[in-house]
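J.: pasting the sequence and the predicted model now:
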Amino acid sequence: MLEISELRKRFAGGPDAPGGKVALDGISFAVRPGEMYGFVGANGAGKTTTMRIVMGVLQADSGTVTWQGRPLGYDDRQRFGYMPEERGLYQKMRAGEQIEYFGRLHGLDAQAAKRATDDLLERLGLTERRNDAVQALSLGNQQRVQLAVALVHDPEVLVLDEPFSGLDPIAVDALATALQERCRGGVPVIFSSHQLELVERLCDSVGIVSAGRMVATGTVSDLRAAEGDTLRVVVRNPAPGWADGLPGDVTVNGDRHTLRTTDGDDQEILRRAVKAGHVEHFGVEQPTLTEIFKEAVA
Ligand SMILES: Nc1ncnc2c1ncn2[C@@H]1O[C@H](COP(=O)(O)OP(=O)(O)OP(=O)(O)O)[C@@H](O)[C@H]1O
């Protein structure tokens with residue numbers, strides 16, 4: 001298990017923050033083998049800083065990162081796969097050579113690096129691009145190469161900073177499939193993203209970070225249960241004031257009035273809606289990750 005515990009980090013101040021900037025204020029979470037963990041938060045919340053500390057690019061002021069119960073060292077990190085936010089490909093090197101080269105850097109012999117590269121080029125739909133220089137590739141294909149570089153040495157853990165940003169749906173699916181395969185093989189995968197629908201679709205667990213603190217973490221279903229269900233009622237052409245006194249909020253779109261509420265007597269609400277107009281929809285819905293996120297960071 002990868003365990004991140006009570007990480008704190010303050011950056012030295014500039015003219016706008018002479019006292020320094022607290023980037024992390026006690027971040028803790030754990031990612032289990034075979035778990036896909038989505039790390040979400042507003043811009044500047046602390047996701048990249050956390051990942052950089054996990055990968056040893058930055059040092060925390062305090063707190064620990066352990067893997068399999070032991071503090072992480074250089075050798076452990078060599079066996080991790082990392083996609084940094086700033087990316088890190090040699091622009092003039094060919095895609096295939098690059099993946100092989102990173103495989104060698106991570107300790108594979110020439111044959112193993114070539115085999116792994118062939119396999120990844122195939123899986124990620126890059127075989128035709130093997131001999132293209134990275135700078136000649138589209139953003140999506142560069143990102144596929146970047147993922148291949150993170151995967152080439154068959155890593156024990158994957159740490160990916162916004163791997164899906166800027167990708168079209170086909171590329172998203174190619175990357176998602178590659179990550180799911182590793183996960184099924186028992187690799188813990190942590191990735192940050194602002195694409196909450198994608199995180200909801202792919203992840204077993206989610207961590208929501210806000211201003212350097214973890215404001216919610218757990219399985220998506222636990223977070224949903226904690227948030228509670230919402231009753232959504234849509235009434236067309238209702239009589240004015242039909243929802244007066246009912247709990248929740250009403251939004252109006254043309255002749256459609258939508259009431260959303262997390263409490264109240266559902267039968268009473270139904271009676272009022274039927275009396276008021278044509279009831280087009282009446283149902284209980286689970287909160288989306290976007291709703292959970294907005295509530296958690298509010
Ligand atoms: N090298 C640095 N020097 C000073 N401040 C920094 C440095 N790196 C990050 N910060 C600050 O630390 C805070 C956390 O930044 P971080 O990049 O970790 O956020 P993030 O959640 O990854 O944001 P985004 O979603 O925009 O990538 C921000 O206020 C940022 O400005």
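T.: Structure's in. What do you need?
J.: same question for stretch 154-173: list its buried residues.
T.: If you call a residue buried by 16 or more other CB atoms under 10 Å, then stretch 154-173 has these buried ones: 155-164, 167, 171-172. The way it works is simple: take the backbone N, C-alpha and C, and place the C-beta from them, glycine included.
J.: and Met214, what are its bridge partners?
T.: Residues in a beta bridge with Met214, per DSSP bridges, are Val209.
J.: on that earlier part again, just the ones of the buried residues of stretch 154-173 in strands?
T.: Counting by DSSP state E, the part of the buried residues of stretch 154-173 found in strands is 157-160.
J.: where exactly do the strands run in this structure?
T.: Using DSSP E, strands in the chain cover 2-11, 21-31, 36-41, 62-67, 70-71, 80-83, 157-160, 189-192, 205-210, 213-219, 230-236, 249-253, 256-261, 278-285.
J.: tabulate those (JSON lines), appending distance to Ala150 and mean pLDDT.
T.: Formatted as JSON lines, those follow (distance: least, CB to CB, whole Å; pLDDT from 0 to 100):
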{"stretch": "strand 2-11", "distance to Ala150": "15", "mean pLDDT": "96"}
{"stretch": "strand 21-31", "distance to Ala150": "16", "mean pLDDT": "94"}
{"stretch": "strand 36-41", "distance to Ala150": "15", "mean pLDDT": "96"}
{"stretch": "strand 62-67", "distance to Ala150": "17", "mean pLDDT": "96"}
{"stretch": "strand 70-71", "distance to Ala150": "22", "mean pLDDT": "94"}
{"stretch": "strand 80-83", "distance to Ala150": "4", "mean pLDDT": "94"}
{"stretch": "strand 157-160", "distance to Ala150": "6", "mean pLDDT": "97"}
{"stretch": "strand 189-192", "distance to Ala150": "10", "mean pLDDT": "97"}
{"stretch": "strand 205-210", "distance to Ala150": "20", "mean pLDDT": "96"}
{"stretch": "strand 213-219", "distance to Ala150": "24", "mean pLDDT": "94"}
{"stretch": "strand 230-236", "distance to Ala150": "38", "mean pLDDT": "94"}
{"stretch": "strand 249-253", "distance to Ala150": "43", "mean pLDDT": "92"}
{"stretch": "strand 256-261", "distance to Ala150": "41", "mean pLDDT": "94"}
{"stretch": "strand 278-285", "distance to Ala150": "37", "mean pLDDT": "94"}
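J.: now distance to the ligand too, for these, in CSV please.
T.: Putting those into CSV (distance: least, CB to the nearest ligand atom, whole Å) gives the following:
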stretch, distance to the ligand
strand 2-11, 3
strand 21-31, 3
strand 36-41, 5
strand 62-67, 14
strand 70-71, 22
strand 80-83, 13
strand 157-160, 12
strand 189-192, 6
strand 205-210, 7
strand 213-219, 12
strand 230-236, 28
strand 249-253, 29
strand 256-261, 28
strand 278-285, 28
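J.: and those: which comes nearest Glu128?
T.: strand 80-83 (22.4 Å; CB to CB).
J.: partner strands of the closest one, with direction?
T.: Partners of strand 80-83 in its sheet, by DSSP bridges: strand 157-160 (parallel).
J.: and the contacts of the strand it pairs with?
T.: 2, 31, 51, 54-55, 67, 79-83, 147, 150-151, 179, 182, 187-192 (CB atoms under 8 Å, 6 or more residues apart in numbering).
J.: coming back round to it: put together a markdown table for the strands of the chain, with distance to Thr117 on each row.
T.: Formatted as a markdown table, those follow (distance: least, CB to CB, whole Å):
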| stretch | distance to Thr117 |
| --- | --- |
| strand 2-11 | 26 |
| strand 21-31 | 27 |
| strand 36-41 | 24 |
| strand 62-67 | 26 |
| strand 70-71 | 31 |
| strand 80-83 | 14 |
| strand 157-160 | 18 |
| strand 189-192 | 21 |
| strand 205-210 | 31 |
| strand 213-219 | 35 |
| strand 230-236 | 48 |
| strand 249-253 | 52 |
| strand 256-261 | 51 |
| strand 278-285 | 46 |
